[in-house]
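Trainee: build the 3D model from these lines:
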Amino acid sequence: MENGERLCPFCKAEIKGGDEVKFCTTCGRDISSADDVSAGFESVAEPTPKKSRKKPIIIGIAAAVIIGVIILIVSGRSSNKGELTIDEYLLYAEEFLEYSYDAGANLEEISDTVQRYWYENIYDDKHGADINDAILYAMSDKSSEIELAKTYDDKLKDMYKKVKNIPEGLSEDERDEAKEVRDAVKELYNVYSDFYTFATEPSGSFNTYSERNNSLTDQFISKYNALKNLLE
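Mentor: The predicted structure follows:
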């Protein structure tokens, strides 16, 4: 810029007419109050840049997506509340299988003891004056096993309730699998129930008791193995 040349601080046009000129001859704006007209645009403050709105918008969209996913998950859980997947259903069946083994072994211990005491009363004159005494002695000696049998029975009843009804929402193949397992559980539970009553409430003659004891033991083992094979 040449010495003495004045520039409008607003439009940067050269001001003609000398120092007495108070208005820009180009833009017409008042330049009399400018502190340094020679500084031109350098004396004009830069406008404050607007903050970018892109980041808040992106964050807002991400938050909305996350909230939407959470709502879907929660609503999905609510709609499936109480329903089991096929894996969860089979897990209940496996727990029933494992618990029934211990329950069955305990019942066998009771019934075998009753049968042995009964036999020894008849043929060896042991365990009291008659078979009723022998049975009472056997039940007394196995009182802890009988109490345990009641605990097993309550537990198996609760487990059976979880398995006897097929869950809703399974695929056709999963439903067929669940039905097969359900039927096997039912057969095992029915034999177990008969075995429980037989072992804890002995009655009849020695011969019928012995035959029934052997028969129920074999049936229980057979139904147990059938369910076990399905779950392997």
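Trainee: host element of the residue sitting nearest the centre point of the chain?
Mentor: For the chain, Glu88 is the residue whose C-alpha lies nearest the centre (Cα atoms, centre = their mean; 8.4 Å). Per DSSP states H and E, Glu88 falls inside helix 86-124.
Trainee: check which element follows that helix along the chain.
Mentor: Going down the chain from helix 86-124, the next helix or strand is helix 131-141, by DSSP H and E.
Trainee: distance between that following helix and the chain's centre?
Mentor: Between the centre of helix 131-141 and the centre of its chain there are 48 Å (Cα atoms, centre = their mean, to the nearest Å).
Trainee: buried residues, the helix or strand following it. List them.
Mentor: Sequence order places helix 143-163 as the next helix or strand after helix 131-141, per DSSP H and E. Going by neighbour count (16 or more other Cβ atoms under 10 Å), the buried part of helix 143-163 is Glu145, Leu148, Ala149, Tyr152, Asp153, Lys155, Leu156, Met159, Tyr160, Lys162, Val163. C-beta here means a position set from N, CA and C on the backbone, and glycine is covered the same way.
Trainee: repeat that for stretch 168-186.
Mentor: Residues Leu170, Glu174, Glu177, Ala178, Val181, Arg182, Ala184, Val185 are the ones in stretch 168-186 that count as buried (16+ other Cβ under 10 Å).
Trainee: what separates that stretch from the chain centre, distance-wise?
Mentor: So, by Cα atoms, centre = their mean, the centroid of stretch 168-186 is 20 Å from its chain's centroid.
Trainee: quick one on the thing from earlier: what helices and strands are in contact with the helix holding Glu88?
Mentor: If you count contacts as 3 or more Cβ pairs under 8 Å, 6 or more residues apart in numbering; DSSP states H and E, helix 86-124 packs onto helix 131-141, helix 143-163, helix 172-200, helix 206-231.
Trainee: hmm, back to that, farthest pair within the buried residues of stretch 168-186?
Mentor: Farthest-apart pair in these is Leu170 and Ala184; separation 17.0 Å (Cβ to Cβ).
Trainee: quick one, phi/psi of Cys24?
Mentor: Cys24 adopts backbone torsions of phi -60, psi 130, taken as degrees, to the nearest 10.
Trainee: can you redo the buried residues of stretch 168-186 as CSV with pLDDT?
Mentor: Formatted as CSV, the buried residues of stretch 168-186 follow (pLDDT from 0 to 100):
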residue, pLDDT
Leu170, 95
Glu174, 96
Glu177, 97
Ala178, 97
Val181, 98
Arg182, 98
Ala184, 98
Val185, 98
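Trainee: show me what contacts the closest residue to Ser111 other than its chain neighbours?
Mentor: Nearest non-adjacent residue to Ser111, counting by Cβ to Cβ, 6 or more residues apart in numbering: Ala199, 4.2 Å away. Contacts here follow Cβ atoms under 8 Å, 6 or more residues apart in numbering; on that basis Ala199 touches Leu107, Glu108, Ile110, Ser111, Val114, Ala149.
Trainee: what of Tyr196?
Mentor: Ala103, Leu107, Ala149, Asp153.
Trainee: of the residues you listed, closest to Ser205?
Mentor: For these, the nearest to Ser205 is Leu107 (20.3 Å; Cβ to Cβ).
Trainee: so the residue nearest to the centre of the chain versus Cys11, what's the distance?
Mentor: 79 Å (Cβ to Cβ, to the nearest Å).
Trainee: thanks a lot, see you next time.
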